[in-house]
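Chemist: Just the structure for this:
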Amino acid sequence: MQQAPSKEDVLSQLETKLTYTDPQWLSLMHYKRSPHNQWISEADSSMFFLSATGKLSPRDELIALINIYFKAKPNKNHRIFCKFPARIIWLSKTFNLPEPSFAHCKNLNQWKSQFSTQNMSIAFTSAFMGNPASTFGHTFLRFFDKENDSTDGLLSATVNYSADLSESTNPVDYFYRGVLGGFSGVIDNLPYHRRIRRYVQNENRDIWEYYLDIAEDDIRLIILHAWEIKNDVFHYHFLDENCSYRALSIIAVAKPSLLSTKSFRLLTIPIDTIRVLDNAGLIMQTHHYPASIRVFNHTLNFYSAIEKKLAIKMAKGFTVKKTDTWQALEPSRKLAVVSLAMEYLNLLIQGEHIDSHIGQQRYFNFIKQRANFNNSFKFPDYPKNMQDDPLNRHLSSRFSISYGDIDHEQYIDLGFRVAGHDTLDISSGYQVGSYVSFLNFEHRFFENDNSQLQRLDLFKVASFADINRFFQPQSWSFQFSRQRKLIQDLDLLVTTIEGNIGYSKMLFEQSLLSLTLGMDLDYNGSFKNNVDLELNAEIALIGQSQSIAYDIRYTYFEYIENELAHNHKTTLGLSVPIASQQAIVLQGNARGNKRDNISIGYRLYF
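Modeler: Presented below is the predicted three-dimensional model:
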């Protein structure tokens with residue numbers, strides 16, 4: 001039997017083979033290179049390190065771990081083993097040391113008992129416009145037994161990294177601390193059905209789950225590492241070190257190459273972390289949980305207008321059994337209407353549009369009504385369309401160049417957007433009606449060698465939600481930018497905060513009509529009192545499909561202080577994809593007889 005290496009042997013090997021630069025060790029400790037090419041750990045808590053210089057030195061930290069390992073002999077019941085089990089397992093495997101027992105680690109074993117090490121997946125939830133931190137989506141991990149996934153999968157454990165918002169007091173504090181890392185990052189392991197209830201049912205977000213090709217031993221290490229970092233180890237940053245980055249860094253303890261410096265640029269966008277896993281060949285299978293409201297709206301296609309009216313009345317507590325319209329229905333359709341009323345009532349309860357006690361009592365009565373029918377009823381399946389898979393989306397960043405004419409003066413626009421999606425972008429993987437952009441820049445160069453900043457959108461978000469008989473959600477948009485506006489026949493660069501609210505109606509598949517009212521608060525030094533308020537009304541026709549996107553708008557606006565020669569404008573945009581990450585865009589706008597503009601451009605997503 002081979003004798004285990006001594007402490008001196010291990011320390012010698014550490015120096016000769018530079019084991020402290022092993023990619024897996026660096027991943028376990030979350031080391032990365034600083035701009036000055038020095039090692040620094042992303043961990044912000046001093047309790048994460050065993051060495052006083054561990055944050056800046058992988059070597060010193062590994063030596064400290066080795067010293068503790070050998071100090072714990074012969075019983076190896078050191079508390080550090082329970083606190084950092086993934087490190088100890090890596091140490092044992094790397095240096096051929098005996099792996100210690102963790103039987104005495106009560107809290108650790110309780111944590112491990114909730115997880116399966118057979119299979120794991122990463123789940124992507126679509127954007128939630130009700131939370132600024134989730135406008136690009138969210139990701140979390142799930143661990144499950146493949147053979148029992150259809151029956152027990154909803155009970156399987158998840159690992160979710162998020163900001164601890166218990167100390168957040170107001171929106172300004174929320175934004176400031178979120179951007180600068182003022183929140184602590186924490187991990188919870190709620191069962192999968194709780195995630196589905198929150199995202200799919202309560203927040204009406206899609207979940208796309210990607211099954212990963214990762215071995216059981218690696219999954220075990222991932223689970224143990226999640227334990228090591230689950231409380232206050234990192235500061236949470238909405239823009240980069242967020243839920244998705246941390247999920248990927250947890251997987252990286254088994255696959256260190258995932259977090260190469262080329263993986264991310266200025267931001268960590270949740271779908272980009274899924275792309276990293278896809279590019280590494282780790283995604284085996286995809287499963288889609290559509291949002292409850294999406295399934296419900298699809299179901300409405302199989303009901304007549306009369307049946308929909310009956311279902312609404314029943315869900316709201318009206319009696320319809322004695323009406324002629326109810327009596328005229330076939331028994332099978334009566335059952336279908338009762339089932340629709342139940343689904344509608346369930347959505348009302350989830351959205352807190354009705355008192356939960358009253359709603360649950362009414363729901364129970366529907367169950368009794370359904371029991372009176374001899375036949376059964378099943379809603380039609382929601383169609384699977386893998387074109388909706390977020391992995392089919394265009395890449396997050398965008399470069400654009402366009403050639404145009406404004407009042408017979410030619411120009412070239414150069415643009416760059418850090419991340420986002422707008423109405424004229426390639427639509428694969430997106431649902432029409434939701435748009436968000438971050439740091440969108442555009443500069444214009446004229447033939448006479450003059451140039452000017454055309455716009456700088458710091459943040460822009462819009463949600464156009466379809467209204468129907470059952471739900472009437474508001475459409476809205478918000479934008480903070482610096483952009484060119486024509487005021488008193490002057491082309492002025494103004495700083496503006498824009499807000500619009502209204503309603504939208506889906507006319508046909510992937511096309512909607514919206515009507516909104518809004519206000520723009522504009523700042524420019526040439527204004528009286530430096531600021532002015534613009535009131536506007538806008539009607540827009542927006543459509544996106546696999547082959548074309550268009551945005552047609554008419555806007556009427558008035559300034560409170562400044563008189564305008566032309567207070568209405570029409571804008572038209574048309575985009576046609578020419579490749580998976582490329583598109584040609586035609587745009588134009590007319591404003592009375594001044595500053596008419598037309599351009600043709602090229603967009604490259606990267």
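
Chemist: drop to CA atoms for contacts and neighbour counts, all remaining ones
Modeler: Fine.

Chemist: Give the burial count for the residue lying closest to A123 once chain neighbours are set aside, as a bare number.
Modeler: Once flanking residues are discounted, A123 sits nearest to E209: 4.2 Å by CA to CA, 6 or more residues apart in numbering. E209 has 23 neighbours, counted by other CA atoms under 10 Å.

Chemist: element containing E209?
Modeler: strand 207-212 (DSSP states H and E).

Chemist: Can you name the next helix or strand after that strand?
Modeler: helix 216-228.

Chemist: partners of the next helix or strand after that next one, with directions?
Modeler: Going down the chain from helix 216-228, the next helix or strand is strand 231-236, by DSSP H and E. Strand 231-236 pairs in its sheet with strand 183-188 (antiparallel), by DSSP bridges.

Chemist: The strand it pairs with vs helix 216-228, what angle?
Modeler: 130 degrees (axes from the mean of the first three to the mean of the last three CA atoms, to 10 degrees).

Chemist: which of the residues in strand 183-188 are buried?
Modeler: For strand 183-188, a neighbour-count test (16 or more other CA atoms under 10 Å) marks F183, S184, G185, V186, I187 as buried.

Chemist: For that strand, list the C-alpha coordinates in CSV.
Modeler: Extracted in CSV, the C-alpha atoms of strand 183-188 (Å, rounded to 0.1, in the frame of the first residue of the first chain):
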residue,chain,number,x,y,z
PHE,A,183,-25.5,44.4,-1.2
SER,A,184,-24.3,41.0,0.1
GLY,A,185,-24.7,38.0,-2.1
VAL,A,186,-26.5,35.0,-0.6
ILE,A,187,-27.4,31.5,-1.7
ASP,A,188,-30.7,29.7,-1.1
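
Chemist: so where's this structure shaky on pLDDT?
Modeler: For the chain, the stretches with pLDDT under 70 are 1-2, 73-77, 130-133, 147-152, 167-169, 260-266, 564-566, 592-594.

Chemist: Nearest the geometric middle of it, what residue?
Modeler: The chain has G137 as the residue nearest its centroid, 0.7 Å off, counting by CA atoms, centre = their mean.

Chemist: And the contacts of the strand holding E209?
Modeler: Residues external to strand 207-212 that are found in contact with it (CA atoms under 8 Å, 6 or more residues apart in numbering): 119-126, 196, 199-200, 282-291, 389-390.

Chemist: and what of stretch 515-524?
Modeler: With CA under 8 Å, 6+ apart, stretch 515-524 has contacts from 475-476, 492-504, 530-540.

Chemist: One more pass at 7 Å, please.
Modeler: With contact meaning CA atoms under 7 Å, 6 or more residues apart in numbering, stretch 515-524 is reached by 494-504, 530-540.

Chemist: Take those and keep only those in strands.
Modeler: Judged by DSSP state E, strands contain the following of the contacts of stretch 515-524: 494-504, 531-540.

Chemist: before we move on, the earlier item: let's see the strand holding E209 as PDB, backbone CA atoms only.
Modeler: Output of strand 207-212 as PDB, limited to C-alpha atoms (Å, rounded to 0.1, in the frame of the first residue of the first chain):
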ATOM      1  CA  ILE A 207     -38.200  29.300 -17.700                       C
ATOM      2  CA  TRP A 208     -35.800  27.700 -20.100                       C
ATOM      3  CA  GLU A 209     -34.000  24.900 -18.500                       C
ATOM      4  CA  TYR A 210     -30.700  23.500 -19.900                       C
ATOM      5  CA  TYR A 211     -29.600  20.000 -18.800                       C
ATOM      6  CA  LEU A 212     -25.800  19.900 -18.400                       C
END
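
Chemist: bridging residues for the residue nearest to A123?
Modeler: A123, H287.

Chemist: With K32 instead?
Modeler: I40.

Chemist: quick one: contacts for it?
Modeler: The contact partners of K32, taken as CA under 7 Å, 6+ apart, are W39, I40, S41.

Chemist: For A226, list the residues it contacts.
Modeler: Contacts of A226 (CA under 7 Å, 6+ apart): I250.

Chemist: That one and K316, how far apart?
Modeler: 46 Å (CA to CA, to the nearest Å).

Chemist: So which residues of the stretch 1-150 of the chain form strands?
Modeler: Ranges of strands in the stretch 1-150 of the chain, per DSSP state E, counting those that start in this stretch, are 31-33, 39-41, 119-125, 138-144.

Chemist: Export the ones you listed as TSV, with columns for distance to Q410.
Modeler: TSV is the format used below for the strands of the stretch 1-150 of the chain (distance: least, CA to CA, whole Å):
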stretch	distance to Q410
strand 31-33	46
strand 39-41	50
strand 119-125	44
strand 138-144	43
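
Chemist: related to what we said a few turns ago, relative to D466, how far out is the residue nearest to A123?
Modeler: E209 is 26 Å from D466, by CA to CA.

Chemist: Kindly report the same for D422.
Modeler: Taken as CA to CA, the span from D422 to D466 is 18 Å.

Chemist: now do Y602
Modeler: 31 Å.

Chemist: Likewise for S184?
Modeler: 37 Å.

Chemist: between the strands of the stretch 1-150 of the chain, which one is nearest to C105?
Modeler: For the strands of the stretch 1-150 of the chain, the distance to C105 is smallest for strand 138-144, at 21.4 Å, taking CA to CA.

Chemist: now that closest one, how far from the chain's geometric center?
Modeler: 14 Å (CA atoms, centre = their mean, to the nearest Å).

Chemist: now do stretch 455-474
Modeler: 16 Å.

Chemist: same thing with stretch 206-217?
Modeler: Its chain's C-alpha centre and that of stretch 206-217 lie 18 Å apart, by CA atoms, centre = their mean.

Chemist: wait, what's in contact with the closest residue in space to R553 that isn't next to it in sequence?
Modeler: Spatial nearest neighbour of R553, excluding adjacent residues (CA to CA, 6+ apart): A540 at 4.3 Å. Contacts for A540 (CA under 7 Å, 6+ apart) come out as L513, S514, L515, I552, R553, Y554.

Chemist: Neighbour count for the residues you listed - can I get that in a markdown table?
Modeler: As requested, the contacts of A540 are exported to a markdown table (neighbours: other CA atoms under 10 Å):
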| residue | neighbour count |
| --- | --- |
| L513 | 19 |
| S514 | 22 |
| L515 | 20 |
| I552 | 18 |
| R553 | 18 |
| Y554 | 17 |
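
Chemist: now these in CSV, with secondary structure?
Modeler: Converted to CSV, the contacts of A540 look like this (DSSP: H, G, I helix; E, B strand; the rest coil):
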residue, secondary structure
L513, strand
S514, strand
L515, strand
I552, strand
R553, strand
Y554, strand
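
Chemist: what's the closest of those residues to N242?
Modeler: S514 (33.5 Å).

Chemist: measure E442 to Q118 for me?
Modeler: Following CA to CA, the distance that separates E442 from Q118 is 49 Å.
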